[in-house]
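Peer 1: Here's a sequence, model it:
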Amino acid sequence: MKKDIATPEVTDVAVAVVPRREAGEELWDIYLINLGDTPLQNVLITSQGYGSIDGVDKTTTVLRHFHQSLGAREAAKIEPIQPALFGITNEYWVSFNRGEHMLDKRYTFPAGTIGPDALTELPVVGRPGVVMQ
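Peer 2: Residues are numbered from 1 along each chain as shown. Below you'll find the predicted structure:
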């Protein structure tokens with residue numbers, strides 16, 4: 001029975017961490033990127049960080065964000081992130097409707113993977129960032 005249910009794999013949605021410079025301060029933002037040719041509807045993003053910094057366990061508050069829709073080949077800024085949190089795992093769980101299907105995918109940035117050394121040019125956003133797809 002369960003094998004008869006089609007569960008399409010999410011391959012054309014990404015989460016990226018993008019740096020920005022503002023008044024000499026280093027700030028970073030999280031973006032949701034729709035790389036596909038169809039819009040996403042009823043997009044729900046849950047974010048949380050967890051891990052250990054200097055031997056002290058750290059867990060961030062669970063945040064939830066909702067977007068009614070995200071057009072084809074568009075990006076939406078989700079939230080800012082402090083560089084102090086790059087030393088823990090940062091996780092984003094994205095759920096959305098595409099056509100008649102409800103899909104979801106978990107994007108995890110392991111501790112230490114976000115930083116200036118990991119920047120690549122991002123599609124759609126047109127700026128450098130760290131992307132999970």
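Peer 1: In contact with the residue positioned nearest the centre of the chain, which residues?
Peer 2: Central residue check for the chain by C-alpha atoms, centre = their mean: the C-alpha nearest the mean position is that of Val15, 2.9 Å away. Under the criterion of C-beta atoms under 8 Å, 6 or more residues apart in numbering, the contact partners of Val15 comprise Ile30, Tyr31, Leu32, Ile33, Ile78, Tyr92, Val94, Tyr107, Val131, Met132. No exception for glycine: its C-beta is placed from N, CA and C like everyone else's.
Peer 1: in the lengthiest strand in the chain, what counts as buried?
Peer 2: As far as residue count goes, and with DSSP state E defining each element, the longest strand of the chain is strand 40-53. By neighbour count, and taking 16 or more other C-beta atoms under 10 Å as the criterion, the buried residues in strand 40-53 are Leu40, Val43, Ile45, Ser47, Gln48, Gly49, Gly51.
Peer 1: same deal with stretch 56-76?
Peer 2: Neighbour counts over stretch 56-76 (16+ other C-beta under 10 Å) mark Thr60, His65, Leu70, Ala75, Ala76 as buried.
Peer 1: in the protein, which spans are strands?
Peer 2: According to DSSP E, the strands that the chain contains are 13-22, 25-34, 40-53, 56-59, 63-70, 74-81, 89-98, 101-109, 120-121, 128-132.
Peer 1: The shortest one - contacts with which helices or strands?
Peer 2: Under the contact criterion of 3 or more C-beta pairs under 8 Å, 6 or more residues apart in numbering; DSSP states H and E, the helices and strands touching strand 120-121 comprise strand 128-132.
Peer 1: partners of the strand it packs on, with directions?
Peer 2: Paired neighbours of strand 128-132 in the sheet (DSSP bridges): strand 13-22 (antiparallel), strand 120-121 (antiparallel).
Peer 1: State the mean pLDDT of it.
Peer 2: Confidence for strand 128-132, expressed as mean pLDDT, is 95.
Peer 1: Just give me how far that strand sits from the chain centre.
Peer 2: Its chain's average C-alpha position is 9 Å from that of strand 128-132, according to C-alpha atoms, centre = their mean, to the nearest Å.
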